[in-house]
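*Asks:* no sequence on this one, just coordinates:
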């Protein structure tokens, strides 16, 4: 065993002793909690490099897992995008060959801003591009999860995109009265709608999307990926079209310009000397 890691093992042992266990300590043989804490601090003071190395090793392992998840996702986006879609709602092309994945939050103002351009892009390319929606409700938005569950419940009655559009266009009114109002306007079965949005299945569907986002290191919304091409924020139609051209191999490569030939400057003939 590497001697440098012996202090770390002792540290972990002491931490275990100070944690909650089912065994009742024996006062005669077990140091007091304050004594154990002091020993832990002393080990850290004397061997700070061991703690630093442990944190670095942990971070490297997390980074490795993140890279692996991203590589798997990107590979699926290019070879089997339908697997990325899974049970998420789709619109646009039914082919699922060119897929725009959107991670979004119904209470995010930038997401609402992006929707106009995404909708315009999909309408123009509805025969080529499939749009799929992934829920990424951010913790600072208290209505993000209730809105996500309501949209999921609407999806169970085939009205996800209509409900989706209504939530974004009335984002300032997010709340229970709006969720019921939209359901009524879309003529949903209200009893089923209420049961579905409060169900364990709704929670599981949203958590599945959250876990996918977490595995890819996505922490903000909106985030898009078009067959491996990432786009972030309030994307413009031009940015989406550029990504599509790159994916389909139709991007225009600027041709090198041939410099114009230099014009000959006329030289005045010298005056004859008489």
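*Replies:* Received the coordinates, thanks. The structure displayed is predicted, hence computed values, not measured ones.
*Asks:* what mean pLDDT does the strand or helix carrying residue 168 get?
*Replies:* Assessed by DSSP states H and E, residue 168 sits inside helix 160-169. Average pLDDT, helix 160-169: 98.
*Asks:* before we move on, what about stretch 219-235?
*Replies:* Per-region confidence: stretch 219-235 scores 92 on mean pLDDT.
*Asks:* one more: stretch 100-117?
*Replies:* Averaged across stretch 100-117, the pLDDT comes to 96.
*Asks:* chain center to it: distance?
*Replies:* Taking Cα atoms, centre = their mean, to the nearest Å, one finds the center of stretch 100-117 at 12 Å from the center of the full chain.
*Asks:* just stretch 125-141 next, same as before
*Replies:* 10 Å.
*Asks:* next one: stretch 32-47
*Replies:* 41 Å.
*Asks:* and that stretch, what's buried?
*Replies:* Neighbour-count burial for stretch 32-47 flags 36, 39-40, 43, 47 (criterion: 16 or more other Cβ atoms under 10 Å). C-beta: built from backbone N, CA, C; applies to glycine.
*Asks:* re earlier: and the helix holding residue 168, what does it pack onto?
*Replies:* helix 109-124, helix 144-155, helix 176-185 (3 or more Cβ pairs under 8 Å, 6 or more residues apart in numbering; DSSP states H and E).
*Asks:* helix or strand next in line after the last one, which one?
*Replies:* Using DSSP H and E, the helix or strand that follows helix 176-185 in sequence is helix 190-197.
*Asks:* after that next one, next one along is what?
*Replies:* Moving toward the C-terminus from helix 190-197, the next helix or strand (DSSP H and E) is helix 200-215.
*Asks:* in the protein, which residue is most central in space?
*Replies:* The chain has residue 218 as the residue nearest its centroid, 3.3 Å off, counting by Cα atoms, centre = their mean.
*Asks:* can you confirm that one is in a helix?
*Replies:* No. Counting by DSSP: H, G, I helix; E, B strand; the rest coil, residue 218 is not found in a helix; it is coil.
*Asks:* can you pull the contacts of the nearest residue to it once chain neighbours are set aside?
*Replies:* Using Cβ to Cβ, 6 or more residues apart in numbering and skipping residues adjacent in sequence, the residue nearest residue 218 is residue 103, 5.6 Å away. The neighbours of residue 103, taking Cβ atoms under 8 Å, 6 or more residues apart in numbering as the test, are 134-136, 209, 213, 218, 221-224.
*Asks:* buried set for stretch 137-148?
*Replies:* In terms of neighbour count (16+ other Cβ under 10 Å), stretch 137-148 has its buried residues at 137, 141, 143-148.
*Asks:* confirm that residue 91 sits in a strand.
*Replies:* Yes. Counting by three-state DSSP, residue 91 is part of a strand.
*Asks:* give me the beta-bridge partners of it?
*Replies:* Counting by DSSP bridges, residue 91 forms beta bridges with residue 131.
*Asks:* related to what we said a few turns ago, need the buried residues of stretch 32-47 in CSV with pLDDT and secondary structure, can you?
*Replies:* Converted to CSV, the buried residues of stretch 32-47 look like this (pLDDT from 0 to 100; DSSP: H, G, I helix; E, B strand; the rest coil):
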residue, pLDDT, secondary structure
36, 74, helix
39, 74, helix
40, 73, helix
43, 74, helix
47, 75, coil
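*Asks:* ok, those residues vs residue 115, which is closest?
*Replies:* residue 40 (51.8 Å; Cβ to Cβ).
*Asks:* low-confidence stretches in the protein?
*Replies:* Residues of the chain meeting the criterion pLDDT under 70: 1-31, 50-51, 53-54, 56-76, 251-274.
*Asks:* just checking: what are the partner strands of the host helix or strand of the residue nearest to residue 218?
*Replies:* According to DSSP H and E, residue 103 maps onto strand 98-104. With DSSP bridges as the test, strand 98-104 is paired with strand 129-135 (parallel), strand 223-226 (antiparallel).
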